[in-house]
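Colleague: generate coordinates for the sequence data below:
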Amino acid sequence: MSDRFDTLLLDLGNTRLHWQWGEQVGAMDADATATADLPAGTPGAIAWSAVGDAESLRPLQQRYADVPWLRCERPDARLLPTRYDPERLGIDRWLGALAGARLSADCIVISAGTALTLDIVHDGEHLGGWIMPGYRLWQSALYGGTRIPRAPDAPLTDRPGLSTGDAIGNGWLVAATGAVQVAAQQLPGRPPLLLAGGDAELLATAVPEAIHQPNLVLQGLSIWAGRQQDRGAL
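Modeller: Purely as a prediction, here's the structure:
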């Protein structure tokens, strides 16, 4: 059985691979795993999850061929029940909600990445959520699906845009902020807003009360891996 701190955690998203090994954390492009600059040594085990193409992990699977790999593929109701169809819930969303539930029984988990996801946790249960385009995808959809000429990016604010670039960027921020407000209204009081994802800083400008938790999925994966170790599966 591997010690929890000797387990390498891998979270493969749509475009990035995030990892944690003991107290060390890092990230890289998902297609750069062949040259991954991970700490020296060999982990006792590897716990991983993926929403992107798992094929990009093949270089690491070859590098650590003698290490047991265990994938978190679907929600475990013993750790965090969900009202969502478990076969259709992205594992990254469930792991983020799992970590969020350990921080607060009531919370809104927001991940601003390729997609913008918002998940509601109430009394230690995942109640569902929303999926929207992330900032880059929002831009790509508008520029790619219309004849709007590409405009330079500009700092995001919630003010009406005075140029095409401003209007598109600020439009995303207003839509995202409104979604956060609607999500928060689903719970009593003022639930903590836990913010993660590569574009978290963009959204944080309009939601200053949000608590930045950049490694929520890895935290959830660590909780899940601990359960597997307790069961002797890792």
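Colleague: doesn't residue 186 lie inside a strand?
Modeller: No: Residue 186: not assigned to a strand; according to DSSP: H, G, I helix; E, B strand; the rest coil it is coil.
Colleague: all strands for this structure, in order.
Modeller: Shown for the chain, the strands assigned by DSSP state E span residues 7-12, 16-21, 24-29, 45-50, 69-71, 107-112, 115-122, 125-133, 193-196, 211-212.
Colleague: run a quick neighbour tally on residue 152.
Modeller: 9 (other Cβ atoms under 10 Å). From N, CA and C alone the C-beta is placed, and that goes for glycine too.
Colleague: dump the residue contacts of it.
Modeller: residue 165 (Cβ atoms under 8 Å, 6 or more residues apart in numbering).
Colleague: phi and psi next, for it.
Modeller: Taking degrees, to the nearest 10, you get phi -60, psi 150 for the backbone angles of residue 152.
Colleague: please apply the same query to residue 113.
Modeller: Residue torsions, per degrees, to the nearest 10, at residue 113 are phi -130, psi -140.
Colleague: that one against residue 203, yeah?
Modeller: No: counting by Cβ atoms under 8 Å, residue 113 stays clear of residue 203, with 10.7 Å between them.
Colleague: isn't residue 135 up against residue 172?
Modeller: Yes: if you go by Cβ under 8 Å, residue 135 and residue 172 touch, sitting 5.3 Å apart.
Colleague: the residue nearest to residue 167 when sequence neighbours are not counted: what's it in contact with?
Modeller: Nearest residue to residue 167, sequence neighbours excluded (Cβ to Cβ, 6 or more residues apart in numbering): residue 161, at 3.1 Å. Neighbouring residues of residue 161 by Cβ under 8 Å, 6+ apart: 167-171.
Colleague: highest neighbour count among those residues?
Modeller: Within the contacts of residue 161, residue 169 tops the neighbour count with 23 neighbours, counted by other Cβ under 10 Å.
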